[in-house]
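J.: Pasting the sequence and the predicted model now:
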Amino acid sequence: MDMIRSVLDFLPPPMRDPVFFAIPFFLVLLTVEWVAARRLEHLESDRAPAGAFNTRDAWASISMGLVSILTTAGWKLLALLGYAAIYAYLAPWHLPGNRWYTWVIAIIGVDLLFYAYHRVAHRVRLIWATHQAHHSSEYYNFATALRQKWNNSGEILAWIPLPLLGIPPWLVFASFSVNLVYQFWVHTERVGKLWRPIEFIFNTPSHHRVHHGRDQLYLDRNYGGILIIWDRLFGTFQPEVFRPHYGLTKPVGTFNIWKLQTHEYVAIARDVRRAGRLRDRVGYIFGPPGWQPAEVPVPQSLG
């Protein structure tokens, strides 16, 4: 502990304790991702439902998860320092980390902000470019949970309100851990619908299967992380009525993890380059996925 404190001596004094106490939960997030990735290397494909597993696809998912541990470590370190500065200098009050209500606020706050960010990620193409890799698998199993993005910049910005409201950064990271662990288990076809009260309140495998479906009925639905209540409140809930067809509406058709991560950025650049008007360029970047400019009417001859 003294060694960590000495490493943090470069920080201003008001930031040292917030960063110091957040480090264990920062490491928990990385460890959970690493352990899950290692264990998922030994997936038992013969136990999966027919058509629900492909070895090359699973390895692509696991590989993307392993790389994401390295890339997101940098993003999370930036978030840790940023949250500590916000908490130390901008928060109008500091909530006590040893009180149950602060934990409730933090966990529910993380989940609500996850819903908001997740919904935006599906409706703004530039942010969708970071998130679409998670949806690129045409299979749905625990390996899919590790098919994670490598660019977490939008996600760390989404949780800024929490330290700004006085929630200790270490508790923000602890809530990250709870949310992350919960979301691993909903990526499976082995679990059907659960007891109705559970299905009503919580995100479940049934609800999240809908979210990964590319069927028209299922598109842009069920954004919740732990709680599905947010979708019910804000009009984005859809129950599972048939087994979804998984993946992107326009499949990428590759197991190359670099292409899976970057192809949408390339597509955005291509669309922007060929656009003739500024508003069309803006639309291709910040419009929803699949956005196309309206046809420009051709003036009729007066002759």
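T.: The structure has been received and is ready for your questions.
J.: Contacts for stretch 277-290 next, please.
T.: Here stretch 277-290 makes contact (C-beta atoms under 8 Å, 6 or more residues apart in numbering) with 122-126, 128, 132, 249, 268, 271-272, 275, 291, 293. All C-beta atoms are positioned from the backbone trio N, CA, C, and that covers glycine.
J.: filter those residues to the buried ones?
T.: Among the contacts of stretch 277-290, those scoring as buried are 122, 124, 125, 128, 132, 268, 271, 275 (criterion: 16 or more other C-beta atoms under 10 Å).
J.: Give me the nearest residue to the third one, chain neighbours excluded.
T.: Translated: residue 125. If the residues on either side of it in the chain are set aside, residue 125 comes closest to residue 289, at 5.2 Å by C-beta to C-beta, 6 or more residues apart in numbering.
J.: So which of the buried ones among the contacts of stretch 277-290 sit within strands?
T.: Counting by DSSP state E, the buried ones among the contacts of stretch 277-290 place none of their members in strands.
J.: Dump the residues you listed to CSV, plus pLDDT and distance to residue 95.
T.: Shown next, in CSV, are the buried ones among the contacts of stretch 277-290 (pLDDT from 0 to 100; distance: C-beta to C-beta, whole Å):
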residue, pLDDT, distance to residue 95
122, 96, 31
124, 97, 31
125, 97, 36
128, 97, 34
132, 96, 36
268, 96, 40
271, 95, 45
275, 91, 47
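J.: and the gap between residue 89 and residue 110?
T.: 22 Å (C-beta to C-beta, to the nearest Å).
J.: Same question for residue 98.
T.: Here residue 98 is placed at a distance of 19 Å from residue 110 (C-beta to C-beta).
J.: which helix in this structure runs the most residues?
T.: helix 55-89 (DSSP state H).
J.: Compute the distance from the centre of that one to the centre of its chain.
T.: Helix 55-89 sits 11 Å away from the centroid of its parent chain (C-alpha atoms, centre = their mean, to the nearest Å).
J.: Show me which residues of that helix are buried.
T.: Going by neighbour count (16+ other C-beta under 10 Å), the buried part of helix 55-89 is 57-69, 72-73, 75-76, 79-88.
J.: Which residue comes closest to residue 131 once chain neighbours are left out?
T.: Using C-beta to C-beta, 6+ apart, the nearest residue to residue 131 is residue 121, at 4.2 Å.
J.: That neighbour: neighbour count?
T.: Applying other C-beta atoms under 10 Å, we find 23 residues neighbouring residue 121.
J.: my read: it touches residue 157, true?
T.: No: applying C-beta atoms under 8 Å as the test, residue 121 and residue 157 come out as separate, 11.8 Å apart.
J.: tell me the mean pLDDT over the longest helix of the chain?
T.: In this model, helix 55-89 carries a mean pLDDT of 86.
J.: SS state for residue 291?
T.: coil (DSSP: H, G, I helix; E, B strand; the rest coil).
J.: list the contacts for it?
T.: Neighbouring residues of residue 291 by C-beta under 8 Å, 6+ apart: 125, 283, 284.
J.: Ok, residue 191 next?
T.: Residue 191 is in contact with 204, 205, 206, counting by C-beta under 8 Å, 6+ apart.
J.: do the same with residue 236
T.: Residues near residue 236 by C-beta under 8 Å, 6+ apart: 119, 220, 221, 222, 223, 230.
J.: can we see that at 7 Å?
T.: Shown in contact with residue 236 (C-beta atoms under 7 Å, 6 or more residues apart in numbering): 119, 220, 221, 222, 223.
J.: how close does the nearest residue to the last one once chain neighbours are set aside sit to residue 147?
T.: Translated: residue 223. Nearest residue to residue 223, sequence neighbours excluded (C-beta to C-beta, 6+ apart): residue 118, at 4.2 Å. When distance is defined by C-beta to C-beta, residue 118 is 15 Å away from residue 147.
J.: quick revisit: quick check on the contacts of residue 236: which are buried?
T.: Burial by neighbour count, judged by 16+ other C-beta under 10 Å, picks out 119, 221, 222, 223 from the contacts of residue 236.
J.: Go ahead and report the secondary structure state at residue 139.
T.: Put simply, residue 139 is coil when judged by three-state DSSP.
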